[in-house]
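Participant: with the sequence up front, the predicted model follows.
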Amino acid sequence: FREQVIARWVAAPRAPAVPPAVWWAVAGLGGLSAAGLGLSQMLRRRVARQTRDLRASEDRLATILNSVDAFIYIKDRALRYQYANRKVCDLFGRPLERVVGRPDADFFDPATCANLRSNDLRVLEKGERVETEETNRSADGSVLATYLSIKLPLRRPDGSVYALCGISTDITRHRQAEDEIHRLAFYDPLTGLPN
């Protein structure tokens, strides 16, 4: 008996047996990890595809907005430009990066700014759709033009107005032609006296 006890004490310790449940748990965790990685890859591909589709859609919209013969812009509640199509950028003589975030005072004279502000606030504060003629003078006073402007409120899902979208068409030549027709109809072209 003594020899058996000594043999037990002297003998190398036996490796503890790993219960089968632990092996099943390790295998299960490995399977879950593999499934998680697969799901992650699938979601990444889906997000990449949706990002590509969204970018393509934005490019198509930009192409359309830049092709229209109208001045299209978006202003936030602080009356700063958030978007401007190519026609607006050409009018201001600046690239889009130097238009976004800027107020009307950077582009127009004070009287024009006051008129634009009045119309813009009707849209932003009252949620009105404004359709009006606006005569705008550039900040340096060199350009005077008349526009037919339509300004619409942009709303959040809860109905609150977060910005305005403006679409303006240059009607300067049309207005000048009307004035000339009026002058010719009511005034003598040689003397300038009323008919």
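Facilitator: Received it, and whenever you're ready, just let me know what you need.
Participant: so which elements touch the longest helix seen in the chain?
Facilitator: Longest helix in the chain, counting residues (DSSP state H): helix 20-67. In terms of contacts (3 or more CB pairs under 8 Å, 6 or more residues apart in numbering; DSSP states H and E), helix 20-67 is packed against helix 86-92. To be clear about C-beta, it is placed using only N, CA and C from the backbone, and glycine gets the same treatment.
Participant: give the buried residues for the helix it packs on.
Facilitator: R86, K87, V88, C89, L91, F92 (16 or more other CB atoms under 10 Å).
Participant: a markdown table for those residues, including pLDDT and distance to D140?
Facilitator: Supplementary listing: those in a markdown table, determined by pLDDT from 0 to 100; distance: CB to CB, whole Å:
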| residue | pLDDT | distance to D140 |
| --- | --- | --- |
| R86 | 95 | 22 |
| K87 | 96 | 20 |
| V88 | 96 | 17 |
| C89 | 96 | 17 |
| L91 | 94 | 13 |
| F92 | 95 | 12 |
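Participant: rounded mean pLDDT for the very next helix or strand once past the longest helix of the chain, please.
Facilitator: Following helix 20-67 in sequence order, the next helix or strand is strand 71-76 (DSSP states H and E). Predicted confidence along strand 71-76 averages 97 (mean pLDDT).
Participant: repeat that for stretch 104-118.
Facilitator: 96.
Participant: swap in stretch 180-195?
Facilitator: Mean predicted lDDT for stretch 180-195 stands at 78.
Participant: how far does it sit from the chain's center?
Facilitator: Its chain's average C-alpha position is 50 Å from that of stretch 180-195, according to CA atoms, centre = their mean, to the nearest Å.
Participant: can you offset everything so residue one is 225?
Facilitator: OK, 225 is where the count begins now, so the last one is stretch 404-419.
Participant: that one: end-to-end distance?
Facilitator: Using CA to CA, to the nearest Å, the end-to-end distance of stretch 404-419 comes to 15 Å.
Participant: re earlier: the inter-axis angle of the longest helix of the chain versus strand 295-300?
Facilitator: 130 degrees (axes from the mean of the first three to the mean of the last three CA atoms, to 10 degrees).
Participant: so where is the chain shaky, pLDDT-wise?
Facilitator: 233-240 (pLDDT under 70).
Participant: 90 instead?
Facilitator: 225-248, 286-287, 289-291, 364-367, 396-419 (pLDDT under 90).
Participant: max-length strand in the chain?
Facilitator: Scanning the chain for the longest strand, with DSSP state E as the assignment, gives strand 368-379.
Participant: related to what we said a few turns ago, as a markdown table, the buried residues of helix 310-316 with distance to L414 would be great.
Facilitator: Output for the buried residues of helix 310-316, formatted as a markdown table (distance: CB to CB, whole Å):
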| residue | distance to L414 |
| --- | --- |
| R310 | 45 |
| K311 | 40 |
| V312 | 43 |
| C313 | 45 |
| L315 | 38 |
| F316 | 42 |
